[in-house]
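1. just need the structure, nothing else, for what follows:
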Amino acid sequence: MHARERYISAPGKSILHGEHAVVHGKVALAVSLNLRTYLRLQATSAGEVCVNLPNINTFLSWDIKALKSVLSGWKADCSSSELDSDLVKRLREFMAITDGSTDTRSMAVLAFLYIYLSVFADAEVLPSLSVCVWSELPTGAGLGSSAAFSVCLSAALLSARGTISTPLIQQQNTARWSDAELELINKWAFQGEKIIHGNPSGVDNAVSTWGGVLRYHAGMITPLSRVPTLRILLTNTKVPRSTKVLVSGVKDKINKYPSVMTPVLDSVDAVSQACEQTLAEMATEGASTKHYNILEDLIDINQHHLNVMGVGHSSLDTLCRVTLAHGLHSKLTGAGGGGCGITLLRPETEPSGVQAAVQELKEAGFECWETSLGGPGVLLHSSNSITQDTLSILTSY
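-> Below is the predicted model of the structure:
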């Protein structure tokens, strides 16, 4: 074990443009959401591994000798990027998780133990440690909470093992890892995502690792080199939805009306590309009124297209109507059918207008956060760079 204590955070994610169209070969822009997941790892001498996840009311510990026995006769295949089905099977048996069970708590703990045992598999003695993870992100809202969790775990355990560095130096509040180290963090986080979600695209963990804006097209993930930070209002309508059902509905509509729907998908693709160009201009030239006008137009156009695809919802219509009454532009983010929406806030937007909109949205039963898009990915922190409220949660277990 290297440093005895470390603090790490990683952002959530939002889809700026390209939802649903991306499934049909079009460009999507995924962006980091500065609601963050925080992790504290502490080396102990208790002879056990503890994991504390207060967001999902999960507090567990295991004797390190019992965990070591899980690895008996197991050979790690470091060359493969695929999930090790043998280790997953062993851990399911160890934790008494039935085949097919995918409840949030079990999958989160399974991901933790999988990464922990894989990273420390060749250690003579498994390290005794305590991990606490707490998130500002709501779970199950399509905002990348599981990816941020997996990224934090990977960064913490790899740095504890000494596989990657501990780049924080004295007087620094935060530090980032090198690109090669971020690649390794992302690789292990993707394993965690596979455990939790089965067959993820890899976008969520990539956004949480690198931050900023990522372009996703035909399975290729490309980080945009320079992007501005955008202020937004994030709204959770709290309306549950099934991503699978919504994706299937869009596909059915395309098959039924190809000559009508194909131009809609092409237009969404053009929206994503126009947004990408505008963000690049804002980063190099500085943001202007013209740029924000374009971003607002693109938000409105895309939201209408998403309604045409059939993934709108009356709750999202309420969000768009309420915010527009205060001069603000909104669209759904993610699967639609309820879920979450984003509202762009210009630099000159009056706080009183935002507060009035938030009050109306809360009265409609929604939950709101004023935050930003395009911020940094996974970070190593000094304890004094974390808010006192977050620190008190992380250190209370």
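
2. surely C132 is within a strand?
-> Yes - counting by DSSP: H, G, I helix; E, B strand; the rest coil, C132 is part of a strand.

3. is the nearest residue to it once chain neighbours are set aside bridged to anything, and to what?
-> In this structure, C132 finds its nearest non-sequential neighbour in N52, 4.2 Å apart by Cβ to Cβ, 6 or more residues apart in numbering. For glycine as for every other residue, the C-beta is placed from the backbone atoms N, C-alpha and C. On the basis of DSSP bridges, N52 is bridged to F59, C132.

4. what is the neighbour count of N52?
-> 18 (other Cβ atoms under 10 Å).

5. quick one, what contacts it?
-> 58-59, 130-133, 397 (Cβ atoms under 8 Å, 6 or more residues apart in numbering).

6. what segments of the stretch 101-250 of the chain are helices?
-> 104-119, 145-161, 179-197, 203-210, 243-256 (DSSP state H, counting those that start in this stretch).

7. any chance of those helices in JSON lines, with distance to L233 too?
-> Converted to JSON lines, the helices of the stretch 101-250 of the chain look like this (distance: least, Cβ to Cβ, whole Å):
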{"stretch": "helix 104-119", "distance to L233": "26"}
{"stretch": "helix 145-161", "distance to L233": "19"}
{"stretch": "helix 179-197", "distance to L233": "27"}
{"stretch": "helix 203-210", "distance to L233": "20"}
{"stretch": "helix 243-256", "distance to L233": "23"}
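
8. now those helices in CSV, with mean neighbour count and distance to E93?
-> Below are the helices of the stretch 101-250 of the chain laid out as CSV (neighbours: other Cβ atoms under 10 Å; distance: least, Cβ to Cβ, whole Å):
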stretch, mean neighbour count, distance to E93
helix 104-119, 21, 11
helix 145-161, 28, 21
helix 179-197, 20, 15
helix 203-210, 28, 26
helix 243-256, 14, 29
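
9. V250 touches G310, doesn't it?
-> Yes - taking contacts as Cβ atoms under 8 Å, V250 lies within contact range of G310: 6.5 Å.

10. top helix in this structure by residue count?
-> If you go by DSSP state H, the chain has its longest helix at helix 258-285.

11. picking that back up, look up the pLDDT of the residue nearest to C132 for me, please.
-> With respect to pLDDT, N52 scores 98.

12. so what's the residue nearest to G202 when sequence neighbours are not counted up against?
-> Nearest residue to G202 in three dimensions, chain neighbours excluded: F190, at 5.5 Å (Cβ to Cβ, 6+ apart). By Cβ under 8 Å, 6+ apart, the contact set of F190 is 81, 150, 200, 202, 205.

13. what sits against V268?
-> 17-18, 20-21, 26, 302, 305.

14. switch the cut-off to 10 Å
-> 17-22, 24, 26-28, 301-302, 305-306, 308-309 (Cβ atoms under 10 Å, 6 or more residues apart in numbering).

15. next step: those restricted to strands.
-> 17, 28 (DSSP state E).

16. quick one on the thing from earlier: overlap in contacts, V250 and G310.
-> 20, 261, 336.

17. T102: which of the residues you listed is nearest?
-> Nearest to T102 among the shared contacts of V250 and G310: G336, at 22.4 Å, using Cβ to Cβ.

18. apart from its neighbours in sequence, what residue is nearest that closest one?
-> Sequence neighbours aside, V311 is the residue nearest to G336 in space, at 3.2 Å (criterion: Cβ to Cβ, 6+ apart).

19. among the contacts of N52, which one has the most neighbours?
-> When neighbours are taken as other Cβ under 10 Å, the top entry among those is V133 (27 neighbours).

20. tell me the spacing between that residue and S154.
-> 12 Å (Cβ to Cβ, to the nearest Å).

21. quick check: which of the helices of the stretch 101-250 of the chain is nearest to I393?
-> Closest to I393 of the helices of the stretch 101-250 of the chain is helix 145-161 (Cβ to Cβ; 14.1 Å).

22. run through the neighbouring helices and strands of the closest one.
-> On a contact count with 3 or more Cβ pairs under 10 Å, 6 or more residues apart in numbering; DSSP states H and E, helix 145-161 meets strand 5-17, strand 28-43, helix 104-119, strand 129-135, helix 179-197, helix 203-210, strand 379-381.

23. for the ones you listed, which one sits closest to T371?
-> T371 sits nearest to strand 28-43 of all the helices and strands packed on helix 145-161, at 4.9 Å, using Cβ to Cβ.

24. mind listing what's buried in the closest one?
-> Buried positions in strand 28-43, judged by neighbour count with 16 or more other Cβ atoms under 10 Å: 28-42.

25. and the residue lying closest to T44 once chain neighbours are set aside, how far from Y116?
-> Among residues not flanking T44 along the chain, S128 sits closest, at 4.9 Å (Cβ to Cβ, 6+ apart). Distance of S128 to Y116, given as Cβ to Cβ: 12 Å.

26. need the overlap of contacts for these two.
-> V49.

27. start to end distance for stretch 227-242?
-> Its first and final residues considered, stretch 227-242 spans 32 Å by Cα to Cα, to the nearest Å.

28. and it, average pLDDT?
-> 94.

29. can you give me the offset of that stretch from its chain's centre?
-> Stretch 227-242 sits 12 Å away from the centroid of its parent chain (Cα atoms, centre = their mean, to the nearest Å).

30. for stretch 274-292, same thing?
-> 24 Å.

31. just flag the most distant two among the contacts of F190.
-> Longest span within these, Cβ to Cβ: S81 and S150, 14.7 Å.

32. what sits against E350?
-> 326-327, 356.

33. which residue is the nearest non-sequential neighbour of the residue most central in space within the chain?
-> Nearest to the mean C-alpha position of the chain, by Cα atoms, centre = their mean, lies G144 at 2.6 Å. Nearest non-adjacent residue to G144, counting by Cβ to Cβ, 6+ apart: K13, 3.6 Å away.

34. the one you found pairs with what?
-> S32.

35. distance of it from N205?
-> Separation of K13 from N205 (Cβ to Cβ) stands at 9 Å.

36. identify the contacts common to those two.
-> 144, 147-148.

37. pull the contacting residues for T318.
-> Neighbouring residues of T318 by Cβ under 10 Å, 6+ apart: 235, 237, 330, 341, 360-361, 364-366.

38. mark which of these are buried, thanks.
-> 235, 237, 330, 341, 360-361, 366.
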